[in-house]
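Novice: the following block contains a protein sequence and its predicted model.
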Amino acid sequence: MQVVSIDKQDINQMPLVTFPGRIHIINAISQVKSAVAALQTSPIAGFDTETRPSFKRGERHNVALLQLSTATDAFLIRLNRTGIPAPLKQYLENPDIIKVGLSTTDDFHQLTRLCDIRPAGFVELQQLVKQYDITDMSLQKIYAILFQQKISKGQQLTNWEAPQLSDAQQRYAAIDAWACLRIYEHLQSGAFIPEQSPYWHELVEEI
């Protein structure tokens, strides 16, 4: 059986991804409506969330940040400050706007803790990549397979409820949503042919 998969060692040799667009921080409910209006000018967006990590047993935090990115603009909505106002809820529930994410079931579970929301119009990359014989399920590995670039995960376990998000946090959050969009568009374009990938190989099953 032939599959597409990549080793961590290969990824570590790759150049780091940089976000090419503009980053918008949404700190207040009053900013959400205009952010959603800007997002609605695009028929598709990348999607992700971030939650403050828990380091104590039994400790749990609500999702702190929602990222939505077009090809040119990433909107980082600080849900710990804004909640999910009506315009944002309507956007996430709109079946006519495609939102592309990874491990979206986990994200939806987190969002429903904030309000009664029924997300629609979502594409799950972990399901989509299976159609291209890609067996790796992490965003970092999928992106590396397609573009030979490394998404840094250095900010993943930082405090997403900090008073101010650092520049590094902002770039990390923007890239995660934007990368989902770029992966989807690349696969949909037909540019990726599994048999031509340098990571196409025989699957060796462990006994």
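Specialist: Arrived safely, thanks for sending.

Novice: need the pLDDT of the closest residue to D133 other than its chain neighbours.
Specialist: Residue nearest to D133 in three dimensions, not counting chain neighbours: P194, with 4.4 Å by C-beta to C-beta, 6 or more residues apart in numbering. C-beta coordinates here come from the backbone N, C-alpha and C atoms, glycine included. At P194, the model reports a pLDDT of 96.

Novice: same question, K56
Specialist: 73.

Novice: quick thing: my sequence starts at 192, can you match it?
Specialist: From this message on, residue numbering opens at 192, which makes the last subject K247.

Novice: can you pull the buried residues of the lengthiest helix in the chain?
Specialist: The residue-count maximum for a helix in the chain (DSSP state H) belongs to helix 358-379. For helix 358-379, the buried set under the neighbour-count rule, 16 or more other C-beta atoms under 10 Å, comprises 360-375, 378.

Novice: stretch 327-347 too?
Specialist: In terms of neighbour count (16+ other C-beta under 10 Å), stretch 327-347 has its buried residues at 327, 329-338, 341-342, 346.

Novice: again with stretch 196-215
Specialist: S196, I197, I202, V208, F210, I214, H215.

Novice: let's have those in TSV, adding secondary structure.
Specialist: Below are the buried residues of stretch 196-215 laid out as TSV (DSSP: H, G, I helix; E, B strand; the rest coil):
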residue	secondary structure
S196	coil
I197	coil
I202	helix
V208	coil
F210	coil
I214	strand
H215	strand
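
Novice: among these, find me the one that's closest to L279.
Specialist: Distance ranking of those against L279, using C-beta to C-beta, places H215 first at 13.6 Å.

Novice: shouldn't the closest one be in contact with D264?
Specialist: Yes - in this structure, H215 is within contact of D264 by C-beta atoms under 8 Å, at 6.4 Å.

Novice: so where's the protein uncertain?
Specialist: Along the chain, segments meeting pLDDT under 70 span 395-398.

Novice: can you pull out the strands in it?
Specialist: Along the chain, counting by DSSP state E, strands occupy 193-195, 213-217, 235-242, 254-260, 264-269, 289-292, 313-315, 391-393.

Novice: of the ones you listed, which is nearest T303?
Specialist: Smallest distance to T303 across the strands of the chain (C-beta to C-beta): 10.0 Å, for strand 254-260.

Novice: distance check, G237 against S388.
Specialist: 22 Å (C-beta to C-beta, to the nearest Å).

Novice: so the two - more neighbours on which side?
Specialist: More crowded of G237 and S388, by other C-beta atoms under 10 Å: G237, with 29 against 18.

Novice: if I pick that one, what's in contact with it?
Specialist: Applying C-beta atoms under 8 Å, 6 or more residues apart in numbering to G237 gives the contacts 258-261, 290-292, 367-373, 375.

Novice: and if we set it to 10 Å?
Specialist: 258-262, 265, 289-293, 314, 316, 365-376 (C-beta atoms under 10 Å, 6 or more residues apart in numbering).
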